[in-house]
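Asks: Fold the following for me, if possible:
(one chain, ligands or ions: 2)
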Amino acid sequence: VEDAVQEDMARFEETFVGINKRFRLINRIGEGTFSTVYKAEDLEYDKYGNTWDIDERENQKWSSPAQRRRPSRRPHYVAIKKIYVTSSPIRIFNELELLYDLRDSDSVCPLITAFRHLDQVVAVLPYFQHCDFRDYYRDMKISEMRPYFRSLLTALRAVHSKKIIHRDVKPTNFLYNPAQSRGVLVDFGLAEREGTDWHHCLCHVPDEDRRYRASHSVWAQNQAVSHSAPSYPKNDTRNSRRANRAGTRGFRAPEVLLKCTQQTVSIDMWSVGVILLTMLSRRFPFFHSADDIDALLEITTIFGRRKMRETAILHGQVFETNVPSYSEGGHTLEKIILWCTGRTGDKTQPKKELEEDEKEAVQFLYRLLECNPAKRITADEALRHPFLLRTFE
Ligand code: ADP
Ligand code: MG
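Replies: Ligands and ions are numbered 1, 2, ... in the order given. Okay, the predicted model is just below:
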């Protein structure tokens, strides 16, 4: 362990009086905008008759009653998430409360306990052994993608059934162990319940009504998102619409970018689509926009201008761009994946095609990267999609 990390851990133990009575800090495993995460050993696991150890629970399913009674001798690891004191108390409470609500959900990392010392709050979670996404996404076979998404969508089905939007689905928040074909969803720091803070959005009215209202509403025009490249107006004086934009840029659904004020759990399903696109195209990050407008334009590159205009209208927005390089109709995802993986072919070579199993993955991908949130596949439907139902190759 590096000196700087060693020092940081010592400081943490010093300020958080008593933490080292129960936990032995081992290493720092994560450092983000909102928290620092440490790996530690729970020295009192057996004392409290704990049952949170994920591996142990799994093993016990298969062991005899006699074996089950024996206290385990091996160490039990936890992840201690130190939430920065700069986070608002409401936010911290929100994260802990949602985790508590999700405590029995499959593939969601459970909360063991939480402590507060003065203004410092820590959440304690079972440590989950996983691999860094960057180390495996390039070499994943389609047959290895299936269990990844089965596991991720099992977590999201549970989360969404409680009407909770995770809001930050991305590889660093889904800890996956390829050897075990198992993963857990973590990080509910941005999560929220569907419907809190909703203001009416046109995407929630029937198609007919929307067409009429979109074309007659001055409001819709005022709220326009417009773009005239190469530079867009810096001193835009139009009222800006307020909507939750939390999340990570490249994973934001079009309706988040378009400031829809009635966002639903389906925004997470788009993010799942971006992960699948990353794996199939072997590009990470796939999208790397500088801001929301840029992100919309990246999506336009794929789906074309017509689709983006339709999508904007859905939320009472106007989407305009005069960049000629964005085609009207966009490109197929098959083509994008062939391009990204250097299989485009040329005049001398026959046109290349995706493998059969890749085509099946792309069919599934289309359902995830559906621009209209009402038509996008749900987690429950996804688990019944042929791509994930297939159990043997
Ligand atoms: P943040 O809000 O700062 O992003 P996260 O909850 O996403 O915090 O945790 C940050 C990182 O810490 C994760 O990406 C992961 O690498 C590691 N981590 C978090 N929880 C666990 C866990 N239960 N087991 C193992 N590692 C974890
Ligand atoms: Mg995170």
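
Asks: most residues in a single helix of this structure, which one?
Replies: The longest helix of the chain (DSSP state H) is helix 292-314.

Asks: Using CSV, write out every CA atom in that one.
Replies: Extracted in CSV, the C-alpha atoms of helix 292-314 (Å, rounded to 0.1, in the frame of the first residue of the first chain):
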residue,chain,number,x,y,z
ASP,A,292,-25.1,17.9,-22.8
ILE,A,293,-25.4,19.5,-26.2
ASP,A,294,-22.4,17.6,-27.4
ALA,A,295,-23.8,14.4,-26.0
LEU,A,296,-27.0,15.0,-27.9
LEU,A,297,-25.0,15.5,-31.1
GLU,A,298,-23.1,12.3,-30.5
ILE,A,299,-26.4,10.4,-30.3
THR,A,300,-27.5,12.3,-33.5
THR,A,301,-24.4,10.9,-35.3
ILE,A,302,-25.8,7.4,-34.8
PHE,A,303,-29.6,7.9,-35.0
GLY,A,304,-29.8,10.8,-37.4
ARG,A,305,-31.5,14.1,-37.3
ARG,A,306,-35.0,12.9,-38.0
LYS,A,307,-35.0,10.7,-35.0
MET,A,308,-33.6,13.4,-32.7
ARG,A,309,-36.2,15.9,-33.9
GLU,A,310,-39.0,13.4,-33.1
THR,A,311,-37.4,12.7,-29.7
ALA,A,312,-37.2,16.4,-28.8
ILE,A,313,-40.8,17.0,-29.8
LEU,A,314,-41.8,14.2,-27.5
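
Asks: Tell me the helices and strands packed up against the next helix or strand after that helix.
Replies: Sequence order places strand 319-320 as the next helix or strand after helix 292-314, per DSSP states H and E. Where contact means 3 or more C-beta pairs under 8 Å, 6 or more residues apart in numbering; DSSP states H and E, strand 319-320 is packed against strand 225-226, helix 292-314. All C-beta atoms are positioned from the backbone trio N, CA, C, and that covers glycine.

Asks: Flag the shaky bits of this structure, pLDDT-wise.
Replies: 67-72, 213-240, 350, 391-393 (pLDDT under 70).

Asks: Tell me which residue in it sits closest to ligand 2.
Replies: For the chain, the residue closest to ligand 2 is residue 187, as judged by C-beta to the ion, at 3.7 Å.

Asks: doesn't that residue fall inside a helix?
Replies: No: secondary structure of residue 187 (DSSP: H, G, I helix; E, B strand; the rest coil): coil, not part of a helix.

Asks: which parts of this protein sit against ligand 1?
Replies: 29-30, 32, 34-35, 37, 79, 81, 109, 125-128, 172-173, 175, 186-187, 189 (C-beta under 6 Å from any ligand atom).

Asks: Share the number of residues neighbouring the nearest residue to residue 175 once chain neighbours are set aside, please.
Replies: Once flanking residues are discounted, residue 175 sits nearest to residue 130: 3.8 Å by C-beta to C-beta, 6 or more residues apart in numbering. Using other C-beta atoms under 10 Å, residue 130 has 17 other residues around it.

Asks: In which helix or strand does residue 198 reside?
Replies: Assigned by DSSP H and E, residue 198 falls outside every helix and strand.

Asks: Helix, strand, or coil at residue 82?
Replies: strand.

Asks: Distance-wise, check it relative to residue 348.
Replies: Separation of residue 82 from residue 348 (C-beta to C-beta, to the nearest Å): 59 Å.

Asks: got it, and residue 58?
Replies: Counting by C-beta to C-beta - residue 58 and residue 348 are separated by 53 Å.

Asks: So the two - more neighbours on which side?
Replies: residue 58 (11 against 5).

Asks: What's the separation between that one and residue 129?
Replies: In terms of C-beta to C-beta, residue 58 sits 12 Å off from residue 129.

Asks: One more: residue 155?
Replies: For residue 155 relative to residue 129 (C-beta to C-beta), the value is 17 Å.

Asks: Then residue 264?
Replies: 33 Å.

Asks: Looks to me like residue 256 is in a helix.
Replies: Yes: checked against three-state DSSP, residue 256 lies within a helix.

Asks: dump the residue contacts of it.
Replies: Counting by C-beta atoms under 8 Å, 6 or more residues apart in numbering, residue 256 makes contact with 243-245, 247, 263, 267.

Asks: now the residue in the stretch 201-350 of the chain that ligand 1 sits nearest to, nearest residue through space, not along the chain?
Replies: Among the residues of the stretch 201-350 of the chain, residue 248 lies closest to ligand 1, at 9.6 Å counting by C-beta to the nearest ligand atom. Once flanking residues are discounted, residue 248 sits nearest to residue 170: 5.2 Å by C-beta to C-beta, 6+ apart.
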